[in-house]
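Q: Mind folding the following:
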Amino acid sequence: MEFLKYLAILVVGYLLGNFNTGLVVSKVQAGIDIRRHGSGNAGATNILRVLGSQSALLTLLGDVAKGLIAIAIGRWLAGFSGGMAGATAAIVGHCWPALFGFKGGKGVATTAGALLYLFPVTGMLCVAVFVAVTLATRYVSLASVLAALFGATYLLTAHWGDPLICCAAALWAAIILFRHRANLQRLWDGTERVLDFSSFKSKK
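A: Prediction:
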């Protein structure tokens, strides 16, 4: 019975992660496939650059929400460990969606939602790190990676000895680092694109 519960949590979480918020927003609001514009990524940052702040906010909220729903279902079926399983499945589904050829986003918003739900203090600190680094450097990719590393370090330190939390924290951070490997290379080469704060104006 427990096996079936966790199997259901993983399947539902993964399918929720497959929901491509950025693609839906770009189709509905602008009639375009966002994957053919800008960086080609369907995440909130590319949506911001191409369509403006309103569309980016909708994308961000959608990507966060699908993780929250997966966690809520997981907790309902199997408590805290079920919530952790749901979060992990949603993050994996977001990054490698079978419905879209396993070409998904980078997992930052969905992971942030998971942290804010399951570990509110850690989540808020990670958001603070992300905002501070973005404002200081204008590199969203660097802010994402540093926030992920901070979150993993904080959780590992605070919950050392809890294998579930430690393994999940390490895995979530590893996924974000792996998904940002091209960005990290561009940062090293000095060719990474900075965030233009004028992008926060709505596009017509």
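Q: contacts and neighbour counts: CA atoms only from here.
A: Fine.
Q: just the strands in this protein please.
A: Per DSSP state E, the chain carries no strands over any range.
Q: which regions of it lie under the pLDDT threshold?
A: 199-204 (pLDDT under 70).
Q: tell me, which helix in it spans the most residues?
A: For the chain, the helix with the greatest residue count under DSSP state H is helix 53-95.
Q: which helices and strands does that one pack with?
A: helix 2-18, helix 21-30, helix 44-51, helix 108-118, helix 163-179 (3 or more C-alpha pairs under 8 Å, 6 or more residues apart in numbering; DSSP states H and E).
Q: of all these, which lies closest to residue 138?
A: helix 44-51 (11.7 Å; C-alpha to C-alpha).
Q: just to revisit the earlier point, export the helices and strands packed on helix 53-95 to TSV and tack on distance to residue 88 and mean neighbour count?
A: Putting those into TSV (distance: least, C-alpha to C-alpha, whole Å; neighbours: other C-alpha atoms under 10 Å) gives the following:
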stretch	distance to residue 88	mean neighbour count
helix 2-18	8	20
helix 21-30	18	18
helix 44-51	20	24
helix 108-118	8	24
helix 163-179	7	18
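Q: Now tabulate those in a markdown table and tack on distance to residue 72.
A: Shown next, in a markdown table, are the helices and strands packed on helix 53-95 (distance: least, C-alpha to C-alpha, whole Å):
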| stretch | distance to residue 72 |
| --- | --- |
| helix 2-18 | 10 |
| helix 21-30 | 19 |
| helix 44-51 | 23 |
| helix 108-118 | 9 |
| helix 163-179 | 17 |
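Q: Among these, single out whichever gets nearest to residue 78.
A: helix 2-18 (7.0 Å).
Q: which residues sit against that closest one?
A: 66-67, 70-71, 73-74, 77-78, 82, 85-100, 104 (C-alpha atoms under 8 Å, 6 or more residues apart in numbering).
Q: returning to what we had before: of all the helices and strands packed on helix 53-95, which lies closest to residue 198?
A: helix 44-51 (9.0 Å).
Q: Can you dump the C-alpha atoms of that closest one in CSV for me?
A: Extracted as CSV, the C-alpha positions of helix 44-51 are listed here (Å, rounded to 0.1, in the frame of the first residue of the first chain):
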residue,chain,number,x,y,z
ALA,A,44,10.3,33.4,-16.4
THR,A,45,13.6,35.2,-17.3
ASN,A,46,13.2,34.6,-21.0
ILE,A,47,9.5,35.4,-20.8
LEU,A,48,10.5,38.7,-19.0
ARG,A,49,12.9,39.7,-21.8
VAL,A,50,10.5,38.8,-24.6
LEU,A,51,7.0,39.6,-23.3
